[in-house]
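1. Model the following, please.
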Amino acid sequence: MIYEINGAPAYSYTGGKAFDARQPTIVFLHGAQNDHSVWALQSRYFAWHGWNVLAPDLPGHGRSGGQALDSVESMADWLLALLDAAGACQAVLAGHSMGSLIALEAAHRAPGRVTGLALLGTTWPMKVSDTLLAASKDRLQEAIDMVNIWSHTGPLPRPACPAPGFSVTGLSRRLMQRLAEQNPDQLFHTDFSACNAYANGGVAAAGISCPTLFVLGARDIMTPPRSAQALTSAIVHGKIVTVDAGHAMMAEQPDAVLDALIAFAGRQ
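-> Numbers count the residues shown, from 1 in each chain. Reported below is the predicted structural model:
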């Protein structure tokens, strides 16, 4: 589905389903140098089990036009505009990595519109190492390789993966390369800089009252579970689920992630 937001096309995967105002809505938000496809299994399941699904490509990513936004706050505003364009008064927000910060900030800005908050591979502050930040600006392939090595626990998927034998790191690497080809204007650096600069996480988390789920990768190097303590301590009513995966948990443990989201969303 293509919407228009701020004069630019905004693509959102819907699972091939038309919006139904009688159904609940869930939004899946991708991370840096990614697009909606990282949520392929989870978004498709919800779309075919009674939910309106919005899995957008953020501005400047994938099929969405416009310039990549340079702050988490502006991305949260864009997300709320997407809900307006789609006709969704309220929604559950599920965000991975950078997407988790966008979801958190959107819930802070419009608490009445967010019925549930699922934060995956999350942390705050989400500081990016100087080495990776510099590489994302001047040595893109090196940055892509670093992120893929640090995001996966191994080159091949686990037995539960629906595509056994495929290289999960290879698929992720190629996605990031394709996004760079589509938008060569330092997309990775813009995303990482936005994560690095986001300072409102503590204030936002302290005000969250909606049901909240944390899905953390036990072997996550990018956002280790211990680094999420500032958020989990601030949102004391949040439930924590740990999956045996690295940062790229939707690919490495797709069923475990989906099970956690189903159990969470079913209580909303």
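
2. Buried ones in stretch 34-41, by neighbour count?
-> Buried residues in stretch 34-41, defined by neighbour count with 16 or more other CB atoms under 10 Å: 34, 35, 36, 38, 39, 40, 41. Quick note: C-beta positions are derived from backbone N, CA and C, even for glycine.

3. Sorry, slip of the keys, the one I care about is stretch 238-257.
-> Neighbour-count burial for stretch 238-257 [16+ other CB under 10 Å]: 238-239, 241-243, 245-254, 256-257.

4. Output the below-cut-off pLDDT ranges for this structure.
-> Segments of the chain classed as low confidence (criterion: pLDDT under 70) are 155-166, 267-268.

5. Next up, identify which helix or strand residue 216 is on.
-> strand 212-217 (DSSP states H and E).

6. Now tell me what touches that strand from outside.
-> 116-122, 223, 225, 228, 231-232, 235, 237-247, 249, 252-253, 257, 260-261, 264 (CB atoms under 8 Å, 6 or more residues apart in numbering).

7. thinking again about what came up before, quick one: which of the buried residues of stretch 34-41 is nearest residue 102?
-> Of all the buried residues of stretch 34-41, residue 34 has the smallest distance to residue 102: 12.3 Å, by CB to CB.

8. What separation is there between the residue nearest to that closest one when sequence neighbours are not counted and residue 61?
-> In space, and not counting its chain neighbours, residue 34 is closest to residue 175: 6.6 Å by CB to CB, 6 or more residues apart in numbering. Taking CB to CB, to the nearest Å as the measure, residue 175 falls 10 Å from residue 61.

9. how about the helices in the stretch 51-200 of the chain?
-> For the stretch 51-200 of the chain, helices defined by DSSP state H, counting those that start in this stretch occupy the ranges 72-86, 98-109, 130-138, 140-151, 168-182, 187-197.

10. What's the separation between residue 106 and residue 19?
-> Distance from residue 106 to residue 19, by CB to CB: 19 Å.

11. brain fart, residue 36
-> Taking CB to CB, one finds residue 36 at 16 Å from residue 19.

12. got it, and residue 4?
-> 16 Å.

13. Looking at these two, which one has more neighbours?
-> The residue with more neighbours, out of residue 4 and residue 19, is residue 19; 14 against 11, by other CB atoms under 10 Å.

14. wait, that one sits on residue 83?
-> No - taking contacts as CB atoms under 8 Å, residue 19 lies outside contact range of residue 83: 11.0 Å.

15. which residues do residue 175 and residue 61 both contact?
-> Shared contacts of residue 175 and residue 61, defined by CB under 8 Å, 6+ apart, comprise 34, 35.

16. So these two - more neighbours on which side?
-> Comparing residue 175 with residue 61 by other CB under 10 Å, the one with more neighbours is residue 61, at 24 against 19.
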